[in-house]
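# Got a sequence here, can you build the structure:
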Amino acid sequence: MSPWLAYRGTGVPGEHSALPLPDPPPWRVFDGGPPVEPDFGAPRSGGTASRRGRTFQADAAEVDMVNAALYLRRPLLVTGGPGTGKSTLAYSVAEELALGPVLRWSVTSRSTLHEALYGYDAIGRLQDANLDGGAPDVGRYLRLGPLGTALLPTERPRVLVVDELDKSDIDLPNDLLDIFEEGEYEIPELSRLTRPVVEVTTADGGARVPVRGGRVRCRAFPLVVLTSNGEREFPPAFLRRCLRLHVPPPDEAKLRRIVAAQLGEDALEVGSTLIADFLSRREKGELATDQLLNAVHLALSGLRPPGETREQLAEALLPHLGSG
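Numbers count the residues shown, from 1 in each chain. Predicted structure coming up:
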């Protein structure tokens with residue numbers, strides 16, 4: 001495997017975490033600081049997120065584009081149908097390179113850039129001030145959002161998933177342009193204060209971190225994985241600032257690797273016929289890979305109703321996503 005790869009898609013936790021990333025292009029150098037050491041809390045190596053990262057089956061194109069995004073310090077826009085592993089790719093990178101828990105921003109039509117950066121409970125602070133007769137520490141009422149946390153000046157990049165960006169308001173991609181270009185943002189509630197340093201809570205929920213002068217500027221630009229189901233077009237200016245990766249539906253060979261990684265090699269004996277059913281049905285309509293995994297798991301467990309055939313199981317668990 002090429003020595004230039006930091007991420008290799010092996011699924012082995014921390015295997016290449018000690019490898020330093022090459023220097024960024026001169027126009028993508030960020031100098032935020034002093035460095036912040038993120039507090040990830042207690043290790044959760046056996047958790048669901050960790051397992052997602054370890055069992056992900058990366059293709060060569062996915063490996064190459066992740067490394068390009070890491071090295072060029074650019075967001076990665078990942079498109080593809082539901083259930084093709086777009087967001088799971090981010091968990092794989094975080095697990096293999098030991099970059100900490102994945103930060104996640106699930107976008108809806110009501111999502112705003114502000115909520116992704118930070119939230120401020122002004123009402124709570126006012127109520128506490130009236131009760132205590134003083135001015136409570138503003139940092140207690142300010143919490144960084146997932147994007148805001150990802151842009152803290154850490155020595156190693158965080159991983160952020162911006163999930164289903166195509167569901168956003170039409171202006172949100174353009175609102176992200178300046179943030180992605182400059183790698184920094186301002187918190188007006190803090191920049192107005194005379195105190196030079198205020199400690200705030202992060203999206204991780206760990207120890208509070210210092211914000212100086214009301215500005216947050218990254219040190220290592222995060223790996224931002226933006227997912228899209230391809231339901232809309234994005235502005236050219238936004239696309240120019242992203243690297244793009246399209247994830248096609250997995251073929252038979254990849255489906256077999258996915259089933260083996262999730263359920264063990266022995267599952268392929270039972271799963272082969274269900275994989276064939278899945279591929280046949282997918283030719284007639286959209287299916288997600290986790291539907292196949294559910295069917296194989298039930299076939300292995302023997303929990304299906306007595307007398308139910310494999311065909312009936314497939315009929316029940318592999319309906320097309322567009323069907324009512």
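
# Helix, strand, or coil at Tyr91?
Following DSSP: H, G, I helix; E, B strand; the rest coil, we place Tyr91 in the helix state.

# Contact partners for the residue lying closest to it once chain neighbours are set aside?
Among residues not flanking Tyr91 along the chain, Gly53 sits closest, at 3.9 Å (Cβ to Cβ, 6 or more residues apart in numbering). For every residue, glycine as well, the C-beta is placed using N, CA and C. Going by Cβ atoms under 8 Å, 6 or more residues apart in numbering, Gly53 touches Gly11, Pro13, Thr88, Tyr91, Ser92, Val93, Ala94, Glu95, Glu96.

# can you put these in a markdown table and add pLDDT and neighbour count?
Compiled in a markdown table, the contacts of Gly53 are given as follows (pLDDT from 0 to 100; neighbours: other Cβ atoms under 10 Å):
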| residue | pLDDT | neighbour count |
| --- | --- | --- |
| Gly11 | 78 | 16 |
| Pro13 | 78 | 15 |
| Thr88 | 93 | 22 |
| Tyr91 | 93 | 25 |
| Ser92 | 93 | 26 |
| Val93 | 94 | 27 |
| Ala94 | 92 | 27 |
| Glu95 | 90 | 29 |
| Glu96 | 91 | 25 |
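
# Return the residues in contact with the closest residue to Ser106 other than its chain neighbours.
Nearest residue to Ser106, sequence neighbours excluded (Cβ to Cβ, 6+ apart): Asp163, at 4.8 Å. By Cβ under 8 Å, 6+ apart, the contact list for Asp163 reads Ser87, Arg104, Trp105, Ser106, Val107, Thr227.

# any chance of the residues you listed in a markdown table, with pLDDT too?
As requested, the contacts of Asp163 are exported to a markdown table (pLDDT from 0 to 100):
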| residue | pLDDT |
| --- | --- |
| Ser87 | 92 |
| Arg104 | 96 |
| Trp105 | 97 |
| Ser106 | 95 |
| Val107 | 96 |
| Thr227 | 96 |
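
# quick one: which of these is most hemmed in?
Most neighbours among those, by other Cβ atoms under 10 Å: Thr227, with 25 neighbours.

# quick one: that one and Lys86 touch, right?
Yes - counting by Cβ atoms under 8 Å, Thr227 touches Lys86, with 4.2 Å between them.

# where do the contact lists of those two overlap?
With Cβ under 8 Å, 6+ apart, Thr227 and Lys86 have common neighbours Val78, Thr79.

# for Ala94, what are its contacts?
Going by Cβ under 8 Å, 6+ apart, the list of residues near Ala94 reads Gly53, Gly100, Pro101, Val102, Val159.

# what number of residues lie near Glu269?
Glu269: 9 neighbours (other Cβ under 10 Å).

# What's the separation between it and Leu293?
Distance, Glu269 to Leu293, using Cβ to Cβ, to the nearest Å: 16 Å.

# Ok, Gly85 next?
Applying Cβ to Cβ to Gly85 and Leu293 gives a distance of 12 Å.

# Next: Cys218.
For Cys218, the distance to Leu293 - Cβ to Cβ - is 36 Å.

# So the two - more neighbours on which side?
Per other Cβ under 10 Å, whichever of Cys218 and Leu293 has more neighbours is Cys218, with 24 against 21.

# So that one is in contact with Glu155, correct?
No - using Cβ under 8 Å, Cys218 is not in contact with Glu155; the gap is 10.8 Å.

# mind checking the SS state of the nearest residue to Gly285 once chain neighbours are set aside?
Distance criterion Cβ to Cβ, 6+ apart; nearest residue to Gly285, sequence neighbours excluded, is His320 at 3.1 Å. Applying three-state DSSP to His320 yields a three-state assignment of coil.

# And His320, what's its pLDDT?
Predicted confidence (pLDDT) for His320: 76.

# Over to the one 4 residues further on?
At Gly324, the model reports a pLDDT of 51.

# same deal with Leu239?
pLDDT, Leu239: 94.

# Next: the one 10 residues further on.
Model confidence at Pro249, expressed as pLDDT, equals 90.

# And the longest helix along the chain, what's buried?
Scanning the chain for the helix with the most residues, using DSSP state H, yields helix 267-282. Across helix 267-282, burial judged by 16 or more other Cβ atoms under 10 Å covers Ala267, Leu268, Val270, Gly271, Leu274, Ile275, Asp277, Phe278, Leu279, Arg281, Arg282.

# how about the next helix or strand after it: buried residues?
Next helix or strand after helix 267-282 toward the C-terminus (DSSP states H and E): helix 289-301. Residues Thr289, Gln291, Leu292, Leu293, Ala295, Val296, His297, Leu298, Ala299 are the ones in helix 289-301 that count as buried (16+ other Cβ under 10 Å).

# Fine by me, thanks again.
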